[in-house]
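Colleague: from the sequence below, what's the structure:
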Amino acid sequence: RRGNHVKAESLLSEMLSIYEDEGDLSCRPSIHSFASVVNALAKSRDTNAVPRAEEIIQKAEELDYISLNSYLYNSFIDCIVNSDAPDKSSKAEAVLMKMEQQQQLDVKPTEYSYSMVLTCCARSGEHGSAERAERILNNMETLYSLGQSSVVANSRCYSAVITAFARSKSPDAVSKAFQLVDRMEKNRKEGSPHGHPNAHCYNSVVHAIAKSRGNHKAEKCKDILERMISARDLGHR
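Modeller: Presented below is the predicted three-dimensional model:
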């Protein structure tokens, strides 16, 4: 519920005070305590939710008895994504990069981490969001190929990047969309674990074409339609 974040913050503060002042182990907060407060802030409509969540995370990072995990940082990403900050896609990417640089496996980005940040880029009007989304997608595949991550760049990730370009007003939006769907078709042909094209991905390309100011829109849309029909005939979904 809205307002529960205030109670959660107050309770966490009280737990910390009792533990630090009296050494009462029964009141020592756990990683779940910190993550729950950040999660409550993410669900609130508080205009100061992001800086407050950041303070809570910094406190958790300072405590040697706290074992950090991805749930804490994913909750922070949610908090950023749900905010009205004009630079939220860059803030979300910064958290993602921090997770990637961690040595503990429990803190590494999950599929949810990447999905949320890419969705944030797709919905953001921030300058450079599309390029940011493409960079994240490319990095996902690189980390996977190097064995540094088990998270694959699935179809939803690709679709988010295409949507980011469609909304970017970039003159290269359509060509980027086609490059991405070409990559997915190549993934499918080669049996790559990364994203294969589906109806949503193809529709995202059509959306990019429709929003562009370029010529030959009908021909480009026809190309995508023919690809969809061909994929269907081959039994692909």
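
Colleague: what segments of this protein are helices?
Modeller: Ranges of helices within the chain are 4-22, 31-43, 49-62, 70-81, 88-101, 111-123, 129-145, 155-166, 173-190, 199-211, 217-233, based on DSSP state H.

Colleague: would TSV of the ones you listed with mean neighbour count be doable?
Modeller: The C-beta positions use only the backbone N, C-alpha and C, and glycine is treated the same way. Below are these laid out as TSV (neighbours: other CB atoms under 10 Å):
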stretch	mean neighbour count
helix 4-22	15
helix 31-43	22
helix 49-62	17
helix 70-81	23
helix 88-101	20
helix 111-123	22
helix 129-145	19
helix 155-166	25
helix 173-190	18
helix 199-211	19
helix 217-233	13
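
Colleague: possible to save the ones you listed as TSV with mean pLDDT?
Modeller: Putting the helices of the chain into TSV (pLDDT from 0 to 100) gives the following:
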stretch	mean pLDDT
helix 4-22	93
helix 31-43	95
helix 49-62	96
helix 70-81	96
helix 88-101	95
helix 111-123	95
helix 129-145	96
helix 155-166	95
helix 173-190	96
helix 199-211	93
helix 217-233	92
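
Colleague: for K108, give me phi and psi.
Modeller: The phi/psi pair for K108 (degrees, to the nearest 10) reads phi -60, psi 150.

Colleague: check what pLDDT R1 gets.
Modeller: Note on R1: pLDDT of 50.

Colleague: next one: A85
Modeller: Note on A85: pLDDT of 87.

Colleague: can you pull the contacts of it?
Modeller: 50, 91 (CB atoms under 8 Å, 6 or more residues apart in numbering).

Colleague: against E54, how distant is it?
Modeller: 12 Å (CB to CB, to the nearest Å).

Colleague: can you report how many residues lie near S149?
Modeller: For S149, the neighbour count with other CB atoms under 10 Å is 18.

Colleague: so it makes contact with P109?
Modeller: Yes: using CB atoms under 8 Å, S149 is in contact with P109, at 7.3 Å.

Colleague: between the two, what contacts are shared?
Modeller: Here S149 and P109 share the contacting residues E100, scored by CB under 8 Å, 6+ apart.

Colleague: who's in contact with the residue nearest to the spatial centre of the chain?
Modeller: The centroid of the chain falls nearest to V117 when counting by CA atoms, centre = their mean (2.0 Å). Going by CB under 8 Å, 6+ apart, V117 touches 77, 81, 89, 92-93, 95-96, 136.

Colleague: I figured E93 was touching L137, is that so?
Modeller: No: counting by CB under 8 Å, L137 is not a contact partner of E93; they are 11.8 Å apart.

Colleague: against K88, how distant is the residue nearest to the centre of the chain?
Modeller: In this view, V117 and K88 are 10 Å apart by CB to CB.
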